[in-house]
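1. Pasted the sequence and its predicted model underneath.
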Number of protein chains: 2
Amino acid sequence: MAPPLKDELDIVIPTIRNLDFLEMWRPFFQPYHLIIVQDGDPAKTIKVPEGFDYELYNRNDINKILGPRASCISFKDSACRCFGYMVSKKKYIYTIDDDCFVAKDPTGKDIDALAQHIKNLLCPSTPLFFNTLYDPYAPGADFVRGYPFSLREGVPTAVSHGLWLNIPDYDAPTQLVKPRERNERYVNAVMTIPKGTLFPMCGMNLAFDRDLIGPAMYFGLMGDGQPIGRYDDMWAGWCVKVICDHLGLGVKTGLPYIWHSKASNPFVNLKKEYKGIFWQEDIIPFFQAVVLPKDCDTVQKCYIALSQQVKEKLGKVDPYFTKLADAMVTWIEAWDSLNSSGGTAVANGKPKK
Amino acid sequence: MAPPLKDELDIVIPTIRNLDFLEMWRPFFQPYHLIIVQDGDPAKTIKVPEGFDYELYNRNDINKILGPRASCISFKDSACRCFGYMVSKKKYIYTIDDDCFVAKDPTGKDIDALAQHIKNLLCPSTPLFFNTLYDPYAPGADFVRGYPFSLREGVPTAVSHGLWLNIPDYDAPTQLVKPRERNERYVNAVMTIPKGTLFPMCGMNLAFDRDLIGPAMYFGLMGDGQPIGRYDDMWAGWCVKVICDHLGLGVKTGLPYIWHSKASNPFVNLKKEYKGIFWQEDIIPFFQAVVLPKDCDTVQKCYIALSQQVKEKLGKVDPYFTKLADAMVTWIEAWDSLNSSGGTAVANGKPKK
C-alpha cells in the first residue's frame, strides 16, 4: 500500500552533521522527499544514508536563492529550518530534529510518528469547546453529552504538535534543576488547543499544513549575531496560534511521540535563553492581547499586521524586536517570491467565495 | 495511615435504590462520611451496606429544612444531589452516581478515584497557558521550555472532573447512533481547562472545593414539572467555569476514571434532552460572552450577577430560563441560610485582604 500523502508532504531536517539518524526512520521516511537545511559551515559535507530522496541547502544556497532577503534566515541555529518550509512545493511539512529517534508505544511497537501526524492533520480540530474524551474523531470516541451540535463539524487542522519521550523539552533552568528527569508518561491522546489559549510549540516533532499556515511558520532571528536562541519555535508557535485563532484554524497537540535521545548542554542553553526568559514575560501578555484586523483574511496579511504590532508594542521592550519585526516582513516577501503570491483568502478555514 | 482529608470531605450520592454499589467502593469510601440524597418516593427505604457513616435526606427532609426555598431543588432527577452540597459542612465534596464502579488502570490495579481527585484538588491549576506535558506538578513532569515563569505558581484548583471507562457519557442521539460504543481508552493525564474555554461537566464522577466554588454548584431545575432533564451537571459546569475564570480559580479534567456500568435508556433520554439540544445552541454563546462585573468578588455575588444575565438574555429563548434564574437566586438564599452568609471575597483564588 502506498504511504498516505507521499506526493504531498516534505520532511524538513535542519542539521550540522551526517544524517545517520535516518537509518532508524527508514521504514517510515524513505517514501517521502527530504529537504535538508545544512546549518553552519557550508564547506562541510553532510552524508545522507543511501536510498533517500532529498535536496540539500547550505548557507551559500540560501544566500543565492534569497539574495539580500537571506538576512531573515537564521545562521548557526536550527531556526534555519524554516527556509525548508519556504522552498517546499508540497501541501504538508513534517519537521524533526536529528537527535530524535523512533519511540515505542506501551505495547512495545514502533511508533510511525509521521502516520499519526497525517491523521491529525487530515481530521478536523475543535478549538471552540473542550471535549472531555479528547479527540472526538478518534475510533471509539465521540463528542460527549453537552457538546453543541453546531460545533461538531470542527475546523480544518493547520498544525499537529507531537511530543517526546525520554528527554523532555525543558528550558535551561529546569534542565539544571532536574538533570535526570525523563519523560516516561505515554499519554494516549490528541487534543485541540482551545481558541484563545497559547502554548509552547516545540519544533522537534512538528507537522503542519503549508497551504493553510505556512507563511506564519517563521522561526525568527536566532543564533549567529542575535542576542537570543532557543525561542525560534516558541516565537513561531505564538504567531501561528493567534493567526489560527483569527482565521478559524485548529492546532492539535499530543500523539505522536518520538524518542528524544540527548539533552543539549544546559549551560550553553542558559546563555541562549536568558534574555528570552525575561522577555517572554512581556511577549506572552502581548500575544494574549493581540487582535488582528477583521480584513486580514490571508496568513500573509495577518502576519504583516502582527509584525506591525510587534514593532510598536515589543519594540519598547528591546530594539531586537524592531529588527525581528522587519525580518518578519522580509520573510513574507521572500515567501511570496518563491510561492504563488499573497495567499488564498480564508474565513473559518475555508477559501472565501 | 489515615486517608487524606478524612474530616474534610463528604461523598454525596443521589439515588432511588439500595446502595449495593458501595460494597465495591468499601476500601476507598468507608473512611469518609456519606451524604445520601434520596430521590423520588420518600416512603421508600434505601438500604445502605453496614459500616458506612452516613446521613440520608429524602424529599420530606428537604422540604422541612428549606421550607418554600425547597422549590430550587429538583425532584425525580439526580440534580437533587446539589442539596447534599448545601448541607455539607466540609471543605471538599466528591459526588458519584450509583451505577459507577471501581475501574482498573492499564496494569490491572483498582483505581482509587477519590485519592486521585484529592491530589487534583490539592495541587494548583494552570489555566493561563497550556503545558504540552499536561499536569506540570505530576511526578516526572514539569513546565516545558517557553512556559512563562511568572505563571508557574498556578492558581488554586476548584474543580476536579473525572472520566468514565466502559459506557461513555453520550447524549441520546449519539447513544442511538452508536449503541455499542464503549470507552476503552485510558488516557494517563490530568489537565487544566484553559481560561475562557467551556467544557461539558459531567456529575457522575466529580469533586470540588466547596469553600472555593460551592455556591455555584447548583444543578438547576430538572425532572418533575420541568421541560428538561440531563442538563443539570452541564448547567452547573458552565456557571462554574465562567465564575472560576472570573475569580482566578482552576478546573481540571482527566484522571481518575470510574467504571460506568450501564447506559441509561436513549429513548427516555431523548425526551429529557431534546429541548436542551436546541437550547444549548443559545446557551453556549451566552456563556462564552458572559462578563461578570469587576466588583463581584465572592462566588455568591458572581452567581447572582449571572442569574440576572440569564434572566435578561436567555429569558428570551424560553420562559423556562426566567424560572431558572429565579431558582438560582433562591438557591443562593438557601445556601446562605445553611452556611456562613455571603462567602469569602477572593481575588485570584486568594482571600482578599
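-> Noted; the coordinates are in hand. The structure displayed is predicted, hence computed values, not measured ones.
2. only C-alpha atoms for contact and neighbour calcs from this point on.
-> OK.
3. how about the strands of the stretch 151-300 of chain A, start to end?
-> Counting by DSSP state E, counting those that start in this stretch, residue ranges of the strands within the stretch 151-300 of chain A are A:157-166, A:190-192, A:205-209, A:250-260.
4. actually the stretch 1-150 of chain A, sorry about that
-> Secondary structure of the stretch 1-150 of chain A, counting by DSSP E, counting those that start in this stretch: strands at A:9-15, A:33-38, A:53-57, A:92-96, A:100-101.
5. right, and those - which one's nearest B:Phe28?
-> Shortest distance between B:Phe28 and these, using CA to CA, is found for strand A:100-101: 42.1 Å.
6. Now do that closest one: distance to the chain's middle.
-> Taking CA atoms, centre = their mean, to the nearest Å, the mean C-alpha location of strand A:100-101 is offset from the chain mean by 17 Å.
7. Adjacent strands (with direction) for it?
-> Using DSSP bridges, strand A:100-101 pairs in its sheet with strand A:250-260 (antiparallel).
8. about what we covered before: could you dump the strands of the stretch 151-300 of chain A into CSV with mean pLDDT and mean neighbour count added?
-> What follows is the strands of the stretch 151-300 of chain A, written out as CSV (pLDDT from 0 to 100; neighbours: other CA atoms under 10 Å in any protein chain shown):
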stretch, mean pLDDT, mean neighbour count
strand A:157-166, 98, 26
strand A:190-192, 98, 24
strand A:205-209, 98, 25
strand A:250-260, 98, 25
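9. Quick one: end-to-end distance for stretch A:185-193.
-> Distance between the two ends of stretch A:185-193: 20 Å, counting by CA to CA, to the nearest Å.
10. Take the strands of the stretch 151-300 of chain A and write them to CSV, including distance to B:Gly67.
-> Converted to CSV, these look like this (distance: least, CA to CA, whole Å):
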stretch, distance to B:Gly67
strand A:157-166, 54
strand A:190-192, 47
strand A:205-209, 60
strand A:250-260, 51
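11. With distance to A:His161, mean neighbour count and mean pLDDT added, can I get the strands of the stretch 1-150 of chain A in a markdown table?
-> A markdown table is the format used below for those (distance: least, CA to CA, whole Å; neighbours: other CA atoms under 10 Å in any protein chain shown; pLDDT from 0 to 100):
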| stretch | distance to A:His161 | mean neighbour count | mean pLDDT |
| --- | --- | --- | --- |
| strand A:9-15 | 15 | 24 | 98 |
| strand A:33-38 | 19 | 24 | 98 |
| strand A:53-57 | 24 | 15 | 98 |
| strand A:92-96 | 10 | 23 | 98 |
| strand A:100-101 | 15 | 22 | 98 |
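12. List the buried residues of stretch A:302-321.
-> A:302-311, A:313-315, A:320-321 (16 or more other CA atoms under 10 Å in any protein chain shown).
13. For B:Asn269, state which of those is nearest.
-> Comparing these against B:Asn269 with CA to CA places A:Cys302 closest, at 45.4 Å.
14. what about the residue lying closest to that closest one once chain neighbours are set aside, distance to chain B?
-> Closest residue in space to A:Cys302, ignoring its immediate chain neighbours: A:Cys296 at 5.2 Å, by CA to CA, 6 or more residues apart in numbering or on different chains. Distance of A:Cys296 to chain B, computed by CA to the nearest CA, to the nearest Å: 23 Å.
15. Show the pLDDT at A:Cys296.
-> You'll see A:Cys296 listed with a pLDDT of 98.
16. Go ahead and confirm it touches A:Leu306.
-> No: contact between A:Cys296 and A:Leu306 fails when scored by CA atoms under 8 Å: they sit 10.2 Å apart.
17. Could I get the strands of the stretch 1-150 of chain A in JSON lines, plus columns for distance to A:Gly162?
-> JSON lines is the format used below for the strands of the stretch 1-150 of chain A (distance: least, CA to CA, whole Å):
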{"stretch": "strand A:9-15", "distance to A:Gly162": "14"}
{"stretch": "strand A:33-38", "distance to A:Gly162": "19"}
{"stretch": "strand A:53-57", "distance to A:Gly162": "23"}
{"stretch": "strand A:92-96", "distance to A:Gly162": "10"}
{"stretch": "strand A:100-101", "distance to A:Gly162": "12"}
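18. So which of those strands is nearest A:Leu165?
-> Ranking the strands of the stretch 1-150 of chain A by their distance to A:Leu165 (criterion: CA to CA) puts strand A:100-101 first, at 9.7 Å.
19. Which residue is most remote from the mean position of chain A?
-> Computed with CA atoms, centre = their mean, the maximum C-alpha offset from the centroid of chain A is found at A:Arg145, amounting to 33.4 Å.
20. quick one: contacts for that residue?
-> By CA atoms under 8 Å, 6 or more residues apart in numbering or on different chains, the contact set of A:Arg145 is B:169-171, B:200.
21. How much space separates it from B:Gly203?
-> 11 Å.
22. now, the most widely separated pair of the buried residues of stretch A:302-321?
-> Maximum distance among these (CA to CA): 21.0 Å, for A:Cys302 and A:Tyr320.
23. May I ask you to confirm that A:Ala325 is in contact with A:Leu314?
-> No: judged on CA under 8 Å, A:Ala325 makes no contact with A:Leu314 at a distance of 9.2 Å.
24. what about A:Val242, how many residues close to it?
-> 25 (other CA atoms under 10 Å in any protein chain shown).
25. Check what pLDDT the residue of the stretch 1-150 of chain A found nearest chain B gets.
-> The minimum distance from the stretch 1-150 of chain A to chain B, using CA to the nearest CA, falls at A:Arg145 (4.3 Å). For A:Arg145, the pLDDT comes out at 97.
26. Next, it: phi, psi?
-> With angles defined as degrees, to the nearest 10, A:Arg145 sits at phi -50, psi 140.
27. returning to what we had before: quick one: closest of the strands of the stretch 151-300 of chain A to B:Ile284.
-> Of the strands of the stretch 151-300 of chain A, nearest to B:Ile284 by CA to CA is strand A:190-192, at 18.4 Å.
28. Would you mind pulling up the elements that that closest one packs against?
-> If contacts are counted by 3 or more CA pairs under 8 Å, 6 or more residues apart in numbering or on different chains; DSSP states H and E, strand A:190-192 sits against strand A:250-260.
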